[in-house]
Structure formats: C-alpha cells, structure tokens
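Chemist: Model the structure of this input:
(one chain, ligands or ions: 1)
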Amino acid sequence: MDLQSVVDDIYADLAPRIGEGKVADYIPQLARVNPAQFGIAITTVGGEVFSAGDAAVPFSIQSISKVFTLTLALGKAGETIWNRVGREPSGSAFNSIVQLEQEQGIPRNPFINAGAIVVTDMVLAGHAPREAIGEILRFVRYLADDETVGIDDAVAASEQATGYRNRALANFMRGFGNLQHPVDHVLGVYFHQCALAMTCRQLSRSGLFLANSGRDAMSGHSVVSNRRARRINALMLTCGHYDGSGDFAYHVGLPGKSGVGGGILAIAPGKASIAVWSPGLNKVGNSALGSAALEMLASRTGWSVFE
Ligand code: GLN
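Modeler: Predicted coordinates for the structure are as follows:
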C-alpha cells in the first residue's frame, strides 16, 4: 500500500473544506489560531513516516495529553488509579460537572476533564508542580524522540486566566476528597500539559508504542506492557472523543484521542500511529476535518480494530 499517496489524496480531497468547523474560543489564545490549516502524519510500526499538509506546524495538543499523563499515572500507581477514576464513557461534554455530584466526585473516565485532573493529581504525588510539569515534558519528548517538543506558555497562561469550569471541577472533587494536592497546584500542571505544542509528525511518533504492543517500534524500548497498551487503546476507543466517542468508533473504528486544539491521535494496532490536525471543531469539540480525514484513512487503508 502506498501510504504517501493515501495521505496526499486525503489532503487533496479535503483541501476544499479547510477552515470548516469552529475554533475553540473559550481559551482566548486558541481563538487566535488560523483555522485554515490541516496536517496529517502517519508513523508506521516499521518506522516509516508519511505526511501531508501542515504536518510540521506545532499546535496545542490539549486533551490528547491525557493519554500521556494516564500512561505516566499507570506507571506510578498501577491499577489502583481505578479507585479514583472510572472507565466508562460519559456521554457528556468534556467539561461537564453533572455526573460528578451523583457519583461522589469520581469522574467517569480519565479522558474527560474531571478524570484527567484526578490523573494529574496522581502524577503530582511526591513532586512540586514544576517538577511534575518537567516529568510530563520529559516523557513526551522521550516518546516523540525529539527534545524540541515544548510547552506554549501563552496558551497555559490563557487557560490559567480563564479556566473557571476546570477550577469548579477541581474544587468539587477536592470537596469529595478525590484530590490530594491544592487545586492551584493540580490545575497549574494540568494547564501546562494541555499546552504542550507538537506537530502531527511528532505526535504520531509519540503514539507509536500504542500501535506496537507497548514497545517503541524504533528503539525497541518497552514503554508499557502489551496488556496495558491494549487497555489504554480500549479507553481511547470508548472514551477518547467525549460524547462523540460512539460516533468516532462507528465511522473510524480505531482508538483515538482528540483535543480542542483540533488535533486527533489515532492508533491502528500492529500498523501505525496517526496524527491529524485542523483547528475547526464540530459541535462536541472534536476536529471536524480531522475526523473526516481519519474516516477516509480507515476506509482507504482498511485499518480497523474490528477487522
Ligand atoms: N485544556 C482544555 C480544557 O481543559 C482541554 C479540553 C479539550 O481538549 N477537550 O478545557
């Protein structure tokens, strides 16, 4: 299969639609991003990289970072993390608070904001906030095999200044005893992880371990066990797109995680890790063009977890 032609064709087919959707505007710094951008990159388990469009432009990965912090927290605390966060799709918006009261401050899953904030609290254990941010950054640079990956401080500051709903979620959970650190510390780390800036090429490289049974396909290093990689993929498939998760599984059929910066990381187990980016979002906060691109990719390559 000629994957370069596949990504070139997807880019050409979607080019007339570039700019579709609405950029996230509740984070002022994200509202300033030019919507007329679209990139796609595939890193295969064989170590080849194929890309098209704006695949070398860094963007704010936002909630895609939740995959990396979950991986870190599982490494630190193992399966005990499931005492504090669930594994069920929420069927609610990424920043919803409604289920938290009924479920006594235990968020539905690690990929909605409340769940990711609890996971960040776990990563923070034994660290000052600055050290935890450093640990997350080092981990992502290691996965990307690229020391140039950084954090966009303007985006972090912008969210810090306006993150009222996240502050509400965090205070609510602290009230239920499900945060062990001060709300400001946890959110400081959370906003910085969301502000990681990466290109599609870097992001697809970072997800490669999830496509390769937990091992980095290039270095051979074991990042997580095969079982853990499968479980992270299962959570991405069921919970990675908030209340659009069922729709994404139906149309794309691959584990995926989206972010309000317009990026999506998708995993074709045994085949490749794929990153797409276009800032315009659909109604549930997932990249409009990115979702369309992944649906085309899945249908043109035949990649699916449902074989
Ligand atoms: N930083 C964003 C927030 O907390 C992440 C949300 C997202 O990407 N869906 O609102």
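
Chemist: Which residues are in contact with Asp13?
Modeler: For Asp13, the contacting residues are Met296, by CB atoms under 8 Å, 6 or more residues apart in numbering. Any C-beta I mention is one placed from the backbone N, CA and C, and that applies to glycine too.

Chemist: Show me the strands in the stretch 1-150 of the chain, by range?
Modeler: 39-44, 49-53, 59-60, 150-151 (DSSP state E, counting those that start in this stretch).

Chemist: How about the stretch 151-300 of the chain?
Modeler: 196-198, 256-258, 263-268, 272-277.

Chemist: closest one to Asp9 among those strands?
Modeler: Closest approach to Asp9 among those (CB to CB): strand 272-277, 14.2 Å.

Chemist: Please name every helix or strand in contact with the closest one.
Modeler: Where contact means 3 or more CB pairs under 8 Å, 6 or more residues apart in numbering; DSSP states H and E, strand 272-277 is packed against strand 39-44, helix 200-206, helix 208-211, strand 263-268, helix 288-301.

Chemist: tell me the average confidence for the last one?
Modeler: Pointing back at helix 288-301 there. For helix 288-301, the mean per-residue pLDDT is 98.

Chemist: Tell me which residue lies nearest the centroid of this structure.
Modeler: The centroid of the chain falls nearest to Ile64 when counting by CA atoms, centre = their mean (1.2 Å).

Chemist: ok, that residue touching Gly256?
Modeler: No - checked against CB atoms under 8 Å, the pair Ile64 and Gly256 is beyond contact range at 9.3 Å.

Chemist: Can you pull the residues that touch both of these two?
Modeler: Contacts common to Ile64 and Gly256, judged by CB under 8 Å, 6+ apart, are Ile264, Leu265.

Chemist: Flag the shaky bits of the protein, pLDDT-wise.
Modeler: Across the chain, nothing is flagged by pLDDT under 70.

Chemist: Show me what from it comes close to the ligand.
Modeler: Gln62, Ser63, Phe94, Asn95, Asn113, Glu159, Asn166, Cys194, Gly259, Val260, Gly285 (CB under 6 Å from any ligand atom).

Chemist: Helices - which of the residues you listed land there?
Modeler: Counting by DSSP state H, the part of the residues of the chain next to the ligand found in helices is Asn113, Glu159, Asn166, Cys194.

Chemist: Farthest pair within those residues?
Modeler: It's Asn113 and Glu159 that sit farthest apart of those, by CB to CB, at 11.1 Å.

Chemist: Between these two, which contacts overlap?
Modeler: What both Asn113 and Glu159 touch, as defined by CB under 8 Å, 6+ apart, is the set Asn166.

Chemist: wait, what's in contact with the residue in the stretch 101-250 of the chain that the ligand sits nearest to?
Modeler: With CB to the nearest ligand atom as the measure, Cys194 is the residue of the stretch 101-250 of the chain nearest to the ligand, at 3.6 Å. Going by CB under 8 Å, 6+ apart, Cys194 touches Ser60, Ile61, Gln62, Ser63, Ser65, Val155, Ala156, Glu159, Gly259.

Chemist: could you dump the residues you listed to a markdown table with distance to Leu143?
Modeler: Formatted as a markdown table, these follow (distance: CB to CB, whole Å):
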| residue | distance to Leu143 |
| --- | --- |
| Ser60 | 17 |
| Ile61 | 12 |
| Gln62 | 17 |
| Ser63 | 17 |
| Ser65 | 11 |
| Val155 | 20 |
| Ala156 | 20 |
| Glu159 | 23 |
| Gly259 | 16 |
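
Chemist: Most neighbours among these, which one is it?
Modeler: Highest neighbour count within the contacts of Cys194: Ile61, with 33 neighbours (other CB atoms under 10 Å).

Chemist: what's the spacing between it and Leu30?
Modeler: Using CB to CB, to the nearest Å, Ile61 is found at 12 Å from Leu30.

Chemist: For those two, list the residues in contact with both.
Modeler: Common neighbours of Ile61 and Leu30 (CB under 8 Å, 6+ apart) are Gly261.

Chemist: Many thanks, have a good one.
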